[in-house]
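**Student:** Okay, here's the prediction I keep looking at, along with the sequence it came from:
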Amino acid sequence: MSTIYEELATVVIEGDSKQASALVQQGLAEGLTAKEILDNGLIVGMGEVGARFKRGDMFVPEVLMSAEAMQAGLQVLRPLLASSGAKLIGKVVLGTVKGDLHDIGKNLVGMMCEGSGFEVIDLGFNVPPERFVDAVKEHKPDVVGLSALLTTTMRAMGYTIKALEEAGLRESVKVMVGGAPVDAEFAQRIGADGYGSNAVAGQELAQQLVGAA
Amino acid sequence: MRTNYRVNSGVRFELLSRDQLQELFEGVLHVLEYTGLDVQHEEARDILKKAGAWVEGERVRIPSYIVRDALDKAPRSFTLWARDGNPKHNIHIGPGRAHFGPGPTCVNFIDPDTMERRPYVKSDVPTVARIVDALDNIDFCESLGTVGDVHHDLGALYEFAGMFPNTSKPIVAWSYDWHDSAGIHQIAVAEAGGQLAFEKRPNYVHYCEPLSPLVSTFEALDKLIFAAKHRVPLVFTPCPLAGGTAPITAAGIIIQAAAESWMGLTIAQQLAPGLPFFMGGVLSVMDMSAMILAYGAPELSLFMAGITELAHFAGLPLWQTGGCTDSKTFDGQAMIEGSLSCFFSALTGGDLTHDVGYTESAMTGSVFQLVAMNEAIGYARRITRGIEVNEDTLAVDVINAVGPNNHYLREPHTRRYFKSEFWYPQLHDRRNFEEWEMMGRTTMKDRTIDRVRDILATHTPSPIKPETHRVIEEVLAAAEDRVRAKA
């Protein structure tokens, strides 16, 4: 039984989507539950990917391949997880803030979060504060992630947090911010709960914020 | 299909035109034919006389056809072999290939534990060799020092005996005299599996140094003759100082140095036609206030680029110089002087670039300078590798597939190339401020120190044969007996 977990972790690390999906099928056929496969195989693999990335032993294109492999496995598991009532590790609403059309960084954070077992709702770019408010009401996420690439638009992060406060939703979610001009000090100043300096850091921060890391 | 398509592989660097090189070339031949050199070795004079040179007392003048014949015989391309057969440690000498390594004979050493300057001792030799063995961009080994804690005649022998087991990269060995050379050769041949096997795959190069201006000393030639007779590839490298022991002009010092080196070439090719021969030497300025040979001077890089082009014009590989500094410590000056000379050497395609790790104008060897320069050489090599242009690298289809406001990180094209197209620093820091702060706010110096200590704690070079160990012990014991008998 334990070898299939190891194999799953290995194919996630190697970024082999085909094998990841095949192994998940095999695990289910052998009688493992979706939750067991997720926790003991896929997430273990992604954990190792994050550690290797931090050490400088893996690079962004490889991490994304691993995230894709993880997603391939998750695609098989998702309906089963939903029907069994087992929860993914959390839900993240992501968006690039108002006035900013850059969404690559935010997309990468989204991929990484999905890869580590989050459900991700991506609001796209140029997202006004009220749309974040609506999304929080609708999806009830654990984490809201705000992205900005420009110094001119990073202020919109603060306005978005303020809008969440005014709608009485601020206490119900954790807010994380990221993007080139942003740093930890800025995050603190605008009242965010955390700052991630890159896609992997953002994903790890989301895990910390939901108490899963 | 592409027709009449020209490719520039790597960065093109050209200092002198063919007309200028031809003038320098003729200048060297002129000096050898009309001025000549003092050749302080009888056998060498006999060899030259037999070849057709004019010998008057010690002064030897060589008609240019003899020098041209020697240039014709010496190979431009050949291989220096790793003693253990590791193909990654072989050095292929040839056009467009620059290689790097430390220099010899510094009297002091920066202690790897205390970072203090102190005399160089026997136990420093394996330290340097193991670090050389571990560094990706350091291709050959010298010891960065003169062993001070053994009998003063035996430093070179102990040095080779300490380097050989601790790196499988080719070694450039210097020696005091014929006895050293013979001992060194005995060790190298034992590992190679006999003289014939060594001749086919030489695992070390013999370094000899004539005197500027225009003297081929007895010791330099005695060692050269030994090496030629045993077919050991040679470096014959003078060390002239512009304005002191050579003309002050760049063209002048290049001509004189080439003449000094080609005297050795002519003798070596008479004895051993086709013997691999690296033209020298180290050309720099005599600093007119400090009165030292400046190892960090821009003129050094410029002179060396000029003589490298002359060597290549004449069909010889060159013993280049770089990665060295006049600074006394690991500081901004050391990094500027070392990095720029490494980059310049890489641009010129200097065949073996030595003195990487020299500080204090060659007075003090430093493995910290060496390890930092390994990073600089990696940086330089990425640039000199240039831009590859073909249908796949043009990426027109990839650009079309990705389109506007998307990203390339998930493209197979990106995955295929991200490791080869980019250079990945090992010591340079590119993290954001918070991460840098979290990791202890380290400087380049801190990270270099860590790398040195990490290599010393973890790196194990491939071993030599047990019988070679025995030969090393025998050679050292015989040498100790010899100096005892002399006393």
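**Tutor:** Now that the structure is in, tell me what you want to look at. Everything numeric here is computed off the predicted structure, so don't read it as measured data. Numbers count the residues shown, from 1 in each chain, chains lettered A, B, ... in the order given.
**Student:** For residue 173, give me its contacts.
**Tutor:** Just so you know, I chose chain A. Shown in contact with A:Val173 (CB atoms under 8 Å, 6 or more residues apart in numbering or on different chains): A:93, A:136, A:141-144, A:164. No exception for glycine: its C-beta is placed from N, CA and C like everyone else's.
**Student:** please go with chain B instead
**Tutor:** Residues near B:Ala173 by CB under 8 Å, 6+ apart: B:156, B:159-160, B:163, B:184, B:204-207.
**Student:** can you check B:Ala242 too?
**Tutor:** Counting by CB under 8 Å, 6+ apart, B:Ala242 has contacts B:248-250, B:252-253, B:283-286, B:299, B:303.
**Student:** Please report the distance of it from chain A.
**Tutor:** Separation of B:Ala242 from chain A (CB to the nearest CB, to the nearest Å) stands at 44 Å.
**Student:** Show me the beta-bridge partners of that residue.
**Tutor:** As for beta bridges, B:Ala242 partners with B:Ala246, B:Val285 under DSSP bridges.
**Student:** want to throw the contacts of B:Ala242 into a markdown table with secondary structure and neighbour count?
**Tutor:** Listed next are the contacts of B:Ala242 as a markdown table, based on DSSP: H, G, I helix; E, B strand; the rest coil; neighbours: other CB atoms under 10 Å in any protein chain shown:
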| residue | secondary structure | neighbour count |
| --- | --- | --- |
| B:Ile248 | coil | 14 |
| B:Thr249 | coil | 12 |
| B:Ala250 | helix | 18 |
| B:Gly252 | helix | 16 |
| B:Ile253 | helix | 29 |
| B:Leu283 | coil | 30 |
| B:Ser284 | strand | 30 |
| B:Val285 | strand | 22 |
| B:Met286 | strand | 18 |
| B:Glu299 | helix | 15 |
| B:Phe303 | helix | 26 |
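**Student:** A:Ala72 sits in which helix or strand?
**Tutor:** Element membership for A:Ala72, per DSSP states H and E: helix A:60-84.
**Student:** What's the local residue count around the closest residue to chain B within chain A?
**Tutor:** Scanning chain A for the residue nearest chain B gives A:Ile104, at 4.2 Å (criterion: CB to the nearest CB). For A:Ile104, the count of nearby residues is 17 (other CB atoms under 10 Å in any protein chain shown).
**Student:** Mind telling me what element the nearest residue to B:Asp153 once chain neighbours are set aside is part of?
**Tutor:** Sequence neighbours aside, B:Val483 is the residue nearest to B:Asp153 in space, at 5.3 Å (criterion: CB to CB, 6 or more residues apart in numbering or on different chains). In this structure, B:Val483 sits in helix B:466-486 according to DSSP H and E.
**Student:** which regions of the stretch 151-300 of chain B lie under the pLDDT threshold?
**Tutor:** Applying pLDDT under 70 to the stretch 151-300 of chain B flags no residue at all.
**Student:** before we move on, the earlier item: since we're on the residue nearest to the residue of chain A closest to chain B when sequence neighbours are not counted, how many residues are nearby?
**Tutor:** Distances taken as CB to CB, 6+ apart place B:His407 nearest to A:Ile104, at 4.2 Å, with adjacent residues excluded. Around B:His407 sit 14 other residues, with neighbours defined as other CB under 10 Å.
**Student:** Could I get the contacting residues of B:His407?
**Tutor:** Shown in contact with B:His407 (CB under 8 Å, 6+ apart): A:104, A:107-108.
**Student:** Now, those that are in helices?
**Tutor:** The members of the contacts of B:His407 that map onto helices under DSSP state H are A:104, A:107-108.
**Student:** want to throw these into JSON lines with pLDDT?
**Tutor:** Formatted as JSON lines, these follow (pLDDT from 0 to 100):
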{"residue": "A:Ile104", "pLDDT": "82"}
{"residue": "A:Asn107", "pLDDT": "87"}
{"residue": "A:Leu108", "pLDDT": "86"}
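**Student:** can you redo these as JSON lines with distance to A:Met58?
**Tutor:** Shown next, in JSON lines, are those (distance: CB to CB, whole Å):
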{"residue": "A:Ile104", "distance to A:Met58": "19"}
{"residue": "A:Asn107", "distance to A:Met58": "19"}
{"residue": "A:Leu108", "distance to A:Met58": "14"}
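**Student:** Pretty sure A:Asp134 sits in a helix.
**Tutor:** Yes - counting by DSSP: H, G, I helix; E, B strand; the rest coil, A:Asp134 falls inside a helix.
**Student:** That one: how many residues sit nearby?
**Tutor:** A:Asp134 has 13 neighbouring residues, counting by other CB under 10 Å.
**Student:** List the residues that contact it.
**Tutor:** By CB under 8 Å, 6+ apart, no residues touch A:Asp134.
**Student:** next structured bit after the helix holding A:Ala72?
**Tutor:** Using DSSP H and E, the helix or strand that directly follows helix A:60-84 along the chain is strand A:90-96.
**Student:** Show me what that following strand is packed up against.
**Tutor:** Counting contacts by 3 or more CB pairs under 8 Å, 6 or more residues apart in numbering or on different chains; DSSP states H and E, strand A:90-96 is packed against helix A:104-115, strand A:118-122, helix A:129-139, strand A:143-147.
**Student:** for whichever residue of chain B sits closest to chain A, helix, strand, or coil?
**Tutor:** Evaluated by CB to the nearest CB, chain B has B:His407 as its residue closest to chain A, separated by 4.2 Å. Counting by three-state DSSP, the backbone at B:His407 sits in coil.
**Student:** nearest spatial neighbour of residue 68, skipping sequence neighbours?
**Tutor:** No chain was given, so I picked chain A. A:Ser17 is the one closest to A:Glu68 (CB to CB, 6+ apart), at 5.3 Å.
**Student:** sorry, should have said chain B
**Tutor:** B:Leu29 (7.7 Å).
**Student:** Write out the residues of chain A neighbouring chain B.
**Tutor:** Within chain A, the positions near chain B by CB under 8 Å from any CB of the partner chain are A:56, A:59-62, A:64-65, A:68, A:101, A:103-104, A:107-108, A:183-184, A:195, A:197.
**Student:** need the contact list for the residue lying closest to B:Val31 once chain neighbours are set aside.
**Tutor:** Excluding the flanking residues, the one nearest B:Val31 by CB to CB, 6+ apart is B:Ala259, at 4.2 Å. By CB under 8 Å, 6+ apart, the residues touching B:Ala259 are B:28, B:31-32, B:35, B:37, B:214.
**Student:** Compare those and tell me which is most surrounded.
**Tutor:** B:Leu32 (26 neighbours).
**Student:** Pretty sure B:Gln195 sits against B:His230.
**Tutor:** Yes - B:Gln195 lies in contact with B:His230 (CB atoms under 8 Å); the separation is 7.0 Å.
**Student:** Compare these two and say which one has the larger neighbour count.
**Tutor:** Set B:Gln195 next to B:His230 and count neighbours by other CB under 10 Å: B:His230 wins out with 19 against 12.
**Student:** Cool, thanks, signing off.
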